[in-house]
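Colleague: from the sequence below, what's the structure:
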Amino acid sequence: MQTTQPIWTIKETKDDSNIYTIATKSCVICNSCRYCEGLCAVFPAMEKYREFSDRQIDYLANLCHQCSECFYDCQYAPPHEFNVSIPTQFAQVRKESYKKYAFPNFLGRAFDSSAWLTTILLVVALFAGFFVASTQTMAGEQARGDFFAVIPYEYMVSTFSIVSIFVLVALITGFVKFARAIELSGVNARVFVRSLKDALTLKYLGGHKSEGCTYPNDKRSNARRIFHHFTAYGFVFCFIATSLGAFYHHFLHLSAPYDITQLPKIFGSIGGVALCIGVLGLFVLKLIADREIVDEKSVSMDYAFLFMLFIASFSGLLLMFVKESALLSYALWFHLSCIMVFFLMIPYSKFVHIFYRFIALLKYNAQEEA
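Modeller: Reported below is the predicted structural model:
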């Protein structure tokens, strides 16, 4: 007796364009079921559509925080023939959206196809550049903690200025392209504040009663939310430390190295430690996560990015302990190279999900108020 293949079953292929077809089929099934509509913002947003374009799938995928509760609640999840797996399918879509809206596109493809190789080559190239620029300056033990005695001030400032401007232009271009693609509109002050609150508190990683989400497995836990907070606010503290260092240098005429009692050192130390804790925690959670909710195609880039963020923060802390030794020069070249590569990775890695998800939250909250 001949059997008929269910209409919703789609075989996985190596064609990335099929990702959107698979995700669309799952969204249609979710709209028919609506069992998960109270879990997070994704499903109420999904219910506003009867048909889904690729751009709408991009919006829903970036609204998702991959808490994976819908996967464990879904009666149509694998091994069911309908193959509804919103966490993994949306993770694949997000990965494609990072490339789609990236500027310039070739860097997005480079990091996506060879994340580790691209990262290592950039670190080596930048390290060599700092080494060459430092050949006429003091050795580490002579500099006594003065970074500008190792690397010329003009070289350090000019290279970081160029990289910062490039990254800022790339990020803004990507944000604008994504916002236009998902047709963001109707944003007012109330919508902005509500979306900012949702983003900063990681609202949708808290579960129904702040008991946590089902990640890295089907047991509820706040671990992922906590480590995200360590990472996010650690990064903010490091940024504040850098800004304060620039303020001290240019306006107060106080040059580094700074004492442990001074604000740049206080914020930098707290931020560096918080980053190390947060990144290590997220790395471990990703390693032990249920393979059913992980997109194996994107973990390489995720691991490379987390590794780079950890090394950048750890090498910064290491500088405090070797600042008056012969190792200062090498530690400084390596730290600055890692910082630069990390910033170059931002527009093409999962880091942009912070901003894309905020834009998606703006659209969601604007629609809720309409």
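
Colleague: next structured bit after the worst-scoring helix or strand of the chain on mean pLDDT?
Modeller: The helix or strand of the chain with the poorest confidence is helix 140-143; it has a mean of 63 (mean pLDDT, DSSP states H and E). On the C-terminal side of helix 140-143, the closest following helix or strand by DSSP states H and E is helix 147-150.

Colleague: shaky segments in this protein?
Modeller: Scanning the chain for pLDDT under 70 picks out the ranges 1-17, 135-141, 143-144, 207-209.

Colleague: rerun at 80
Modeller: Counting by pLDDT under 80, the chain contains low-confidence residues at 1-17, 135-146, 206-211, 255-257, 296-300, 370.

Colleague: can you count the residues close to Leu122?
Modeller: Neighbourhood size, Leu122 [other Cβ atoms under 10 Å]: 20. Bear in mind the C-beta positions are built from the backbone N, C-alpha and C, glycine included.

Colleague: can you check Phe147 too?
Modeller: When neighbours are defined as other Cβ under 10 Å, Phe147 has 20 of them.

Colleague: surely it meets His249?
Modeller: No - distance between Phe147 and His249: 10.7 Å, which falls outside the contact criterion (Cβ atoms under 8 Å).

Colleague: mind listing the strands for this structure?
Modeller: Secondary structure of the chain, counting by DSSP state E: no strands present.

Colleague: need the overlap of contacts for Phe147 and His249.
Modeller: Here Phe147 and His249 share the contacting residues Ala256, scored by Cβ atoms under 8 Å, 6 or more residues apart in numbering.

Colleague: for Ile182, see how far away Glu51 is.
Modeller: Remark: distance between Glu51 and Ile182 (Cβ to Cβ, to the nearest Å) = 15 Å.

Colleague: which one's more surrounded, those two?
Modeller: The neighbour count for Glu51 versus Ile182, taken as other Cβ under 10 Å, is higher for Ile182 (23 against 8).

Colleague: so the more buried one is in contact with Arg357, correct?
Modeller: No - look at Ile182 against Arg357 with Cβ under 8 Å: they stay out of range, at 11.6 Å.

Colleague: contacting residues around Thr242?
Modeller: Going by Cβ under 8 Å, 6+ apart, Thr242 touches 264, 268.

Colleague: kindly recompute the last result at 6 Å.
Modeller: By Cβ atoms under 6 Å, 6 or more residues apart in numbering, the contact list for Thr242 is empty.

Colleague: can you report how many residues lie near Val176?
Modeller: 14.

Colleague: list the contacts of it.
Modeller: For Val176, no residue counts as a contact, taking Cβ under 6 Å, 6+ apart as the criterion.

Colleague: do Met345 as well
Modeller: Residues near Met345 by Cβ under 6 Å, 6+ apart: Phe305.

Colleague: isn't Asn217 right up against Asp290?
Modeller: Yes - assessed by Cβ atoms under 6 Å, Asn217 is found in contact with Asp290 at 4.8 Å.

Colleague: would you confirm that Cys55 contacts Ala181?
Modeller: You called it Cys, but residue 55 is Arg. Yes - when contacts are counted by Cβ under 6 Å, Arg55 is listed as touching Ala181 (4.7 Å).

Colleague: the two: which is more packed in?
Modeller: Relative neighbour count places Ala181 above the other of Arg55 and Ala181, with 18 against 15, counting by other Cβ under 10 Å.

Colleague: would you check how far apart the more buried one and Gly145 are?
Modeller: Separation of Ala181 from Gly145 (Cβ to Cβ): 48 Å.
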